[in-house]
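[1] okay, predicted coordinates and the sequence, questions at the end:
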Amino acid sequence: MINWSADHISFVIVAYAIVALVLLVSVATTLRRASTLKQALADMKLTDPGQKDSI
Amino acid sequence: MQIFANPNRFFQIADRCMPALWLATIAAFAVALYFAFFNSPPDYQQGETVRIMYVHVPSASLALFVYVLMAVASAMALIFRHPLADAAAKAAAPLGAAFCFLALVTGSIWGKPMWGTWWVWDARLTSMFVLMLLYLGYIAVWRAFDDPHRAASLARIVALVGVINIPIVKFSVNWWNTLHQPASIVRVGGPSIDKSILWPLGLMFLAFTLLFITTHLVALKNEVRARKIRAEKLKSMGTR
């Protein structure tokens, strides 16, 4: 069990906060790009990769 | 391997696995974070700061693994002309760079209370910094050319030449006298750390790996979508 009043605990909190932030931004950016590209394909009347009638 | 050579078939399989992969990633992070914060002891010397290891080591391991994956994919693109190989390497690069950045930053944050300094130019830290530069260089090459075939040719060389740095990072702590500790998990004679710390570390490594696999599949599909859009735009320009 973590001791929240231990020495240097702020280093642990900052490290985890940075990791969470970077990983969330990476995932969000990738998913947002997926959404943008899907929309662009739909606008061009093209099928998404993986759909049965796509090339 | 040949079943995956058809991007359409590959994505049909990937799409079917995607919901399970997201669920497994979230569940793995929940369990790993519980173990990291509430079910593992502080270190007898480092105290609570040892918990930084649970995010530092998986980040560093994945930074190395992703670069090797990029090099293997680049070699496959070069030798077998696999249609997804270049796309797989390109899609992995930003994720690998993120893991490398996290390894450097969390290492620095861990270093300050333990070593008394944020940074030293020892062999492990320097070779890891070189790995970060290689990731940035690889990403820059893809962005520097309008023609994806020219970019791919140069990017493959960067990935294949840069992979020489991976054993240097791994064995730097054995080959040189470094402030960074020697290997304590993947070493001759087995791990030198206690099971109570090894378990949360293994769970966090699993969570990071699942996150990489899931995000990489989405990024790879994005890359194929972008190529399809580019090809269609070029086709429509040609018919004008």
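    Structure received.

[2] ok, B:Leu95 - contacts?
    Shown in contact with B:Leu95 (C-beta atoms under 8 Å, 6 or more residues apart in numbering or on different chains): A:26, B:66, B:212, B:215-216, B:219. To be clear about C-beta, it is placed using only N, CA and C from the backbone, and glycine gets the same treatment.

[3] do you know how far the residue of chain B found nearest chain A is from B:Ala71?
    Closest contact between chain B and chain A, by C-beta to the nearest C-beta, is at B:Phe11 (3.0 Å). With distances taken as C-beta to C-beta, to the nearest Å, B:Phe11 is found 24 Å from B:Ala71.

[4] of these two, give the one with the bigger neighbour count.
    When neighbours are counted by other C-beta atoms under 10 Å in any protein chain shown, B:Phe11 and B:Ala71 differ, and B:Phe11 comes out ahead with 23 against 20.

[5] so which strand or helix has that one?
    Element membership for B:Phe11, per DSSP states H and E: helix B:7-38.

[6] tell me which parts of chain A are close to chain B?
    Taking C-beta under 8 Å from any C-beta of the partner chain as the criterion, the neighbours of chain B within chain A are A:1-3, A:6-9, A:11-12, A:14-16, A:18-19, A:22-23, A:26-27, A:30-31, A:33-34, A:37-38, A:40-41, A:44, A:46, A:48-52, A:54-55.

[7] please pick the buried ones from these.
    Neighbour counting with 16 or more other C-beta atoms under 10 Å in any protein chain shown marks A:2, A:8-9, A:11-12, A:15-16, A:18-19, A:22-23, A:26-27, A:30, A:33-34, A:37, A:40-41, A:46, A:48-50, A:54 as buried within these.

[8] could I get the contacts of B:Leu95 in CSV, plus columns for secondary structure?
    CSV is the format used below for those (DSSP: H, G, I helix; E, B strand; the rest coil):
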residue, secondary structure
A:Ser26, helix
B:Val66, helix
B:Phe212, helix
B:Thr215, helix
B:His216, helix
B:Ala219, helix
